[in-house]
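Chemist: Give me a model of this one.
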Amino acid sequence: MEKDLSNYRKIYKKGELLLKQIPENPMELFQKWFYEVDKYFAANETNAMTISTLGLDGYPKSRVVLLKKYTFEGFIFYTNYNSEKGKAISANPNVCLSFFWHGAERQIIIKGKAEKIAENLSDGYFESRPRGSQLGAIVSNQSDIVENRAFLESKLLELEKEYEGKEIERPKYWGGYIVKPVEIEFWQGRPNRLHDRVRYQLQEDFNWKISRLAP
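Modeler: Numbering: from 1, shown residues only. Alright, predicted model coming up:
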């Protein structure tokens, strides 16, 4: 099987990213970009992000998760702590997050360290989820091998009966991580492949060093 993709072309011309226009803190720029993409280019889930971890087998692995909150401290998402990604984070908390918003011709790459958030914060978010999502977190031993889909669906039906009229507590193996950034790079597509790339690097004094990178 062969398909030549060398003629795929796209002209990037929807924006610019100049040093004189950016704030000293990258989280302010992230908030600005997120707001603009969500308002003007939200064809898909703006909060969808790729997280890359180094697996226990020594290979990096990337998958899409949903950003559920961001603060000046970092980026929060939720998952099963016993999943493949959870085990990878436990062994090596250095991760990479990336957003690609093709409508706005923008990309953000974030290097950081992941750590579990406080249990009460995970409890609060779990309580806000629809009941189906709450039960789904209990049904699925994420990343484990299952015989077929019918196994999961029958297990869900059993739990629906078991928890009928009852409050569903968050399982201890499910909760949130916060990724605290040490480096954030912003990419804005530009014509002739002369894209704008601006990198923020966290310094020992907790200020950010800003550099422009060649495309």
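Chemist: Surely residue 101 is in contact with residue 47?
Modeler: No - the pair residue 101 / residue 47 is not scored as a contact, 10.7 Å apart, by C-beta atoms under 8 Å. (Each C-beta comes from the backbone N, C-alpha and C, glycine too.)
Chemist: For the closest residue to residue 85 other than its chain neighbours, list the residues it contacts.
Modeler: In this structure, residue 85 finds its nearest non-sequential neighbour in residue 53, 5.4 Å apart by C-beta to C-beta, 6 or more residues apart in numbering. Residue 53 is in contact with 60-61, 85, 88-89, 92, 95, counting by C-beta atoms under 8 Å, 6 or more residues apart in numbering.
Chemist: same question, residue 101
Modeler: 33, 37, 41, 46, 107.
Chemist: Return the subset of the residues you listed lying in helices.
Modeler: 33, 37 (DSSP state H).
Chemist: Tell me the one of the contacts of residue 101 nearest residue 65?
Modeler: Residue 65 lies nearest to residue 46 out of the contacts of residue 101, by C-beta to C-beta, at 13.5 Å.
Chemist: That closest one is in contact with residue 34, isn't it?
Modeler: Yes - counting by C-beta under 8 Å, residue 34 is a contact partner of residue 46 at 6.5 Å.
Chemist: between these two, which one's more packed in?
Modeler: Neighbours per residue (other C-beta atoms under 10 Å) separate residue 46 from residue 34, with residue 46 holding more: 21 against 18.
Chemist: And the residue nearest the centre of this structure?
Modeler: A centroid search over the chain (C-alpha atoms, centre = their mean) returns residue 49, at 3.6 Å, as the residue closest to the centre.
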